[in-house]
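# Just a sequence and a predicted model for now, questions to come.
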Amino acid sequence: METPDTLNYMIAGYLFLFGLPLLYIVSWLIRQRNLEKDIEVIQTIAQNKPQ
Amino acid sequence: MEKHMDKSTRTLQILNVVTAVLMVIATGLVFFYAPRERVMGEVQRIFYFHVPVAWDSMLAFFVTFIASIVYLRSRSRWWDMVGSTSVEIGLVFTVMAIVSGSIWARPAWNTWWTWDPRLTTYTIMALIYVAYLMLRQGIEDPDQRARFAAVYGIVGFISVPITFFSIRWWRTIHPVVIGNGSSSAQGGFDMTSPMRLVFFFSLFSITVLYFCFLANRLRLEKLAERVEQLKAKLLSA
C-alpha cells in the first residue's frame, strides 16, 4: 500500500498550531504596553493634580 | 514588595526560557525523530501536538473548576483570576485542537468536520466556556462577577469528563490514543516506541506551556488590577 502525500495538510496544521499561540502572546504584549501607558498617564495626572 | 516582584519576575523568566527550550526540542522530535506513519503519511505528525493541546484544554478547565471551588471558600481575588485566565488559555488550546483536528480529518476521514460524539461534545464544551467569558463581561460588580463565574466554572465543568469519555462511551469514528476505542474508529494507529516517546515528550512540553501561559497571564491580570486601583485612588483623591 502506497503512503499518501499529506505534507500540505501537515504544514497547514502546524502553521495554525504555532501561529495561534504566537498571536495570543502578541496580544499580551499589546495589552501590557497599553496598561503600562495607563499607569504613566495616571501617575502624570496624579502629580499635576492640585492638592 | 520590590524584592518579591524581582524574584517572581526572575522565576517567570526562567519558566519562559525552559518552556521555549522544551517546545523547540518537542518540535525537533516531531519532525526529525518520529517516524512517518505508513497509512496516513506526514499529516499524522499533527497528532503529537493535537492530542496534548486537547488534553491540556481540559486541564485548563479543570484548573478553573478547582480555582472556582477555592474562590467560593476563600473569596480571594487571586483564585478568581486563576479561574478566568485558565478559561482564556483553555479556549486558545481548544481552538488549536479543533482546527488542527479538522485539518488532520480531511485526509484521514475524507471530511473537514462531522458531528461525531467527540467533536460534538468538544464543541459544546468550548461554547460553554465562551459563555463563561461572556458572563464575566456582562457583570459590573467585581464580587458578584467572581461569585457567579465561580458557580458557572463548577457547573460548566460537567462538560469536560463527558467530552473526555465520549470516545469510550459512544460509537465514534474518533480514535482513542490510550486504551480501547470504538470499533468504528478511523485514523487510529499503534504507536511504536519512538512515536510514544515523542508523544509523551510533547504532552509534557505542552503541559509546561500551559502553566507558563497561566503564569504570564496572571502577571498581566495583576498589572490590570493595579491600573484599576490607581484609577480608583485618583478618582477618590
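Nice, I can see it. Numbers count the residues shown, from 1 in each chain, chains lettered A, B, ... in the order given.
# Now do the SS call for the closest residue to residue B:125 other than its chain neighbours.
Leaving aside its sequence neighbours, residue B:125 sits nearest to residue B:159 (CB to CB, 6 or more residues apart in numbering or on different chains; 4.2 Å). Every C-beta, even on glycine, is put in place using the N, C-alpha and C of the backbone. Of the three states, residue B:159 takes helix according to DSSP: H, G, I helix; E, B strand; the rest coil.
# Please report the distance of residue B:159 from residue B:152.
11 Å (CB to CB, to the nearest Å).
# one step back: so the residue nearest to residue B:125 touches residue B:123, yeah?
No: here residue B:159 lies out of contact with residue B:123, judged by CB atoms under 8 Å, at a distance of 10.3 Å.
# So which of these two has more stuff around it?
Using other CB atoms under 10 Å in any protein chain shown as the criterion, residue B:159 and residue B:123 rank with residue B:159 on top: 19 against 15.
# can you pull the contacts of that one?
B:121, B:124-125, B:128 (CB atoms under 8 Å, 6 or more residues apart in numbering or on different chains).
# what's near enough to touch the residue nearest the centre of chain B?
Closest residue to the average C-alpha location of chain B: residue B:57 at 2.2 Å, with CA atoms, centre = their mean. Contacts for residue B:57 were tallied using CB under 8 Å, 6+ apart; they are B:90-91, B:93-94, B:96-97.
# Report whether it is found in a strand, as I expect.
No: counting by three-state DSSP, residue B:57 is located in no strand; its state is helix.
# filter the contacts of residue B:159 to the buried ones?
B:121, B:125, B:128 (16 or more other CB atoms under 10 Å in any protein chain shown).
# Nearest to chain A among these?
residue B:125 (17.9 Å; CB to the nearest CB).
# With adjacent residues omitted, what lies nearest to the residue nearest to the centre of chain B?
Nearest to residue B:57 is residue B:93, by CB to CB, 6+ apart, at 3.8 Å.
# Now do that neighbour against residue B:211, distance only.
In terms of CB to CB, residue B:93 sits 12 Å off from residue B:211.
# neighbour count winner among these two?
Neighbour count, other CB under 10 Å: between residue B:93 and residue B:211, residue B:93 has more, with 26 against 16.
# Confirm for me that the more buried one is in contact with residue B:61.
No: using CB under 8 Å as the test, residue B:93 is too far from residue B:61 to be in contact (9.6 Å).
# near chain A at all, the helix or strand encompassing residue B:210?
Here residue B:210 sits within helix B:193-236, counting by DSSP states H and E. Yes: using CB under 8 Å from any CB of the partner chain, helix B:193-236 reaches chain A at B:209, B:213, B:216-217, B:220, B:223-224, B:226-227, B:230-231, B:233-234.
# Just the buried ones from the residues you listed, in ChimeraX syntax?
Only the buried entries of the residues of helix B:193-236 next to chain A go into this ChimeraX selection, using 16+ other CB under 10 Å:
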select /B:209,213,216,217,220,227,230
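# Contacts only, for the nearest residue in space to residue B:207 that is not next to it in sequence.
Leaving aside its sequence neighbours, residue B:207 sits nearest to residue B:56 (CB to CB, 6+ apart; 5.7 Å). By CB under 8 Å, 6+ apart, the contact list for residue B:56 reads B:93, B:206-207, B:209-210.
# Let me know the next secondary structure element after the one helix or strand residue B:125 maps to.
Per DSSP H and E: residue B:125 is located in helix B:117-137. Of the helices and strands lying after helix B:117-137 in sequence (DSSP H and E), the nearest is helix B:142-155.
# so how far is that next one off the chain centroid?
Computed by CA atoms, centre = their mean, to the nearest Å, the separation of helix B:142-155 from the middle of its chain amounts to 20 Å.
# Would you mark the buried spots in that helix?
So, applying 16+ other CB under 10 Å, buried residues of helix B:142-155: B:145-150, B:152-154.
# which among these gets closest to residue B:34?
Closest approach between the buried residues of helix B:142-155 and residue B:34, by CB to CB: residue B:153, at 36.3 Å.
# Pick out the residue of chain B closest to chain A.
Counting by CB to the nearest CB, chain B gets nearest chain A through residue B:43, at 3.6 Å.
# What sits closest to whatever residue of chain A ends up closest to chain B if chain neighbours are left out?
Chain B sits closest to residue A:6 of chain A, with a gap of 3.6 Å, by CB to the nearest CB. With CB to CB, 6+ apart as the criterion, residue A:6 has its nearest non-adjacent residue at 3.6 Å, and that residue is residue B:43.
# Sounds good, over and out.
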